[in-house]
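Visitor: What follows is a predicted structure for the sequence shown.
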Amino acid sequence: MLKGGLPVSMLDTLPAYLANRAVKVQPSKIREIAKLIAKPGIKSLAGGMPDPAIFPVQAIRDAFDRMIDDHARLMLQYGTSEGYLPLRELLGPWLEQFTAKRFQPDEMMLTHGAQQAMDLIARTFVDEGDAVIVGLPTFFGATNAFLASGAELVGTPEDDHGMDPLILARTLKFIQDQGKRTKLIYIIPSFANPTGRTIPLERRKQILELARQYDCLVVEDDPYLTLRYSEESIPSLAALDTEGRVIQAFSFSKVLVPGFRIATLCGDAALVRRMVITKQYVDACCNTPSHYVLYDLMQQGVMDRMIRDNVAHYKQKRDWLLSAMNDHFPKEVHWNFPDGGFFVMVDLPDCIVVEDLFQEALRRNVAFVPGEPFYCDGGGKHSLRLTFSMEGQETLTEGVRILGDLLGEWIEKYG
């Protein structure tokens, strides 16, 4: 390209071509961190990926062989936008044991992971300028999906029990007083990313009552729902919902394998139908072979065994991480005790700027995720997220020891 007779790269002229929604979307902090921590020897407490050591490789191979032998002509063909019907028929009662809500096949669609679920929700229900309430902090993959559809994100601070209904009520009223409409309330109610927190039953009921009062939908994002390390079970918001306001997403990425990219998107049949229509023009249909394989795995009882194995495996890893933190982190540092999921949120003294800490930790071959990307209001500058899902005991312990020594040095120096 030429400009004033001089060659110009596309990088220089790109802003003129970008759609407004593309400008609003920021790079994933975790994906960017992944580039930095790829070097050998890094002790990663950063990426919340499932541990490939427990992927059911042989069971998947056997399921694929059975299904390709019996169903090749359909399995390798285009599927429906809703997803494989026999699988949806199985998933309704299977999910009920975790959610206390049984969805019918027409109240469920299958998506390419929970990230596509958030994208479809945003494309279908969010208009330019609509308010979407999210937690401070919360998962930025979802918030960026809402931003891409023109949403105005409004953060509401969380405490040790997740979203606070009293603060949520004030937030909803403030938005209404500004002459705007809250379209969605986005929540990760169980073992949230990044905090590991769980919203208790009474709060769930109060949040639903507020959604009724202010006439908005609730997005219940529950990818860690089955990774519960305690005996207590809390009904999902979808199970408590009597008006069809809750759209619930669940992902198999954390409890089976992420490469299949299978998630469910459940809710009132009319809401699901509109999202199916949106999906028809996004990707037409999902990866059909993976649906057939998951169907077979569920028929064979593999998924039930996987849940038990996952819980035992990751609970032990959680305990390793927390034990190391108790041994090596300074007393000025605080963190939560997650009852499930992959994550621990860490709050640091105000004297420590996490971005600077992150760079120094990398120089010492330890990685974590700074807290700021999880805050839509620019907060989180003195917090970080740790995960225990990928690494073994030795790496977790050594990584925490190195990070603890660094924190001690900086608190003594700057505190």
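Guide: Received the coordinates, thanks.
Visitor: what residue ranges in this structure score low on pLDDT?
Guide: Applying pLDDT under 70 to the chain flags the ranges 1-11, 24-38.
Visitor: Mind doing that once more with 90?
Guide: 1-41, 47, 230-233, 414-415 (pLDDT under 90).
Visitor: Now find how far off-centre the helix of greatest length in it is within its chain.
Guide: Secondary structure of the chain per DSSP state H: the longest helix is helix 302-328. Chain-centre distance of helix 302-328: 18 Å, with CA atoms, centre = their mean, to the nearest Å.
Visitor: repeat for stretch 318-331
Guide: For stretch 318-331, the distance to the chain centre is 24 Å (CA atoms, centre = their mean).
Visitor: so what's A142 closest to, chain neighbours aside?
Guide: In this structure, A142 finds its nearest non-sequential neighbour in M118, 4.5 Å apart by CB to CB, 6 or more residues apart in numbering. All C-beta spots, glycine's among them, are computed from the backbone N, C-alpha and C.
Visitor: Which strands or helices does the very next helix or strand once past the longest helix of the chain pack on?
Guide: Sequence-wise, the next helix or strand downstream of helix 302-328 (DSSP states H and E) is strand 334-335. Applying 3 or more CB pairs under 8 Å, 6 or more residues apart in numbering; DSSP states H and E, we find strand 334-335 packed against strand 343-347.
Visitor: Pull out the buried residues from the strand it packs on.
Guide: By 16 or more other CB atoms under 10 Å, the buried positions in strand 343-347 come out as 343-346.
Visitor: Against which helices or strands is it packed?
Guide: Using 3+ CB pairs under 8 Å, 6+ apart as the test, strand 343-347 ends up in contact with helix 302-328, strand 334-335, strand 383-387.
Visitor: could those be laid out in a markdown table, adding mean neighbour count and distance to E128?
Guide: Converted to a markdown table, these look like this (neighbours: other CB atoms under 10 Å; distance: least, CB to CB, whole Å):
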| stretch | mean neighbour count | distance to E128 |
| --- | --- | --- |
| helix 302-328 | 17 | 40 |
| strand 334-335 | 16 | 39 |
| strand 383-387 | 26 | 31 |
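Visitor: Nearest to V276, out of those?
Guide: helix 302-328 (24.3 Å; CB to CB).
Visitor: and whatever helix or strand L396 lives in with strand 383-387, angle?
Guide: Per DSSP H and E, L396 falls inside helix 393-414. Helix 393-414 and strand 383-387 are oriented at 170 degrees to each other (axes from the mean of the first three to the mean of the last three CA atoms, to 10 degrees).
Visitor: Keeping just the C-alphas, turn helix 393-414 into CSV.
Guide: In CSV, the C-alpha atoms belonging to helix 393-414 read as follows (Å, rounded to 0.1, in the frame of the first residue of the first chain):
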residue,chain,number,x,y,z
GLN,A,393,3.2,-31.6,44.2
GLU,A,394,6.9,-30.9,43.7
THR,A,395,6.3,-28.1,41.2
LEU,A,396,3.4,-26.6,43.2
THR,A,397,5.4,-26.6,46.4
GLU,A,398,8.6,-25.2,44.8
GLY,A,399,6.7,-22.5,42.9
VAL,A,400,4.9,-21.4,46.0
ARG,A,401,8.1,-21.3,48.0
ILE,A,402,9.8,-19.1,45.4
LEU,A,403,6.8,-16.8,45.2
GLY,A,404,6.6,-16.7,49.0
ASP,A,405,10.2,-15.7,49.3
LEU,A,406,9.7,-13.0,46.7
LEU,A,407,6.6,-11.7,48.5
GLY,A,408,8.5,-11.6,51.8
GLU,A,409,11.4,-9.7,50.2
TRP,A,410,9.1,-7.1,48.7
ILE,A,411,6.9,-6.6,51.8
GLU,A,412,10.1,-6.0,53.8
LYS,A,413,11.4,-3.6,51.2
TYR,A,414,8.3,-1.7,50.3
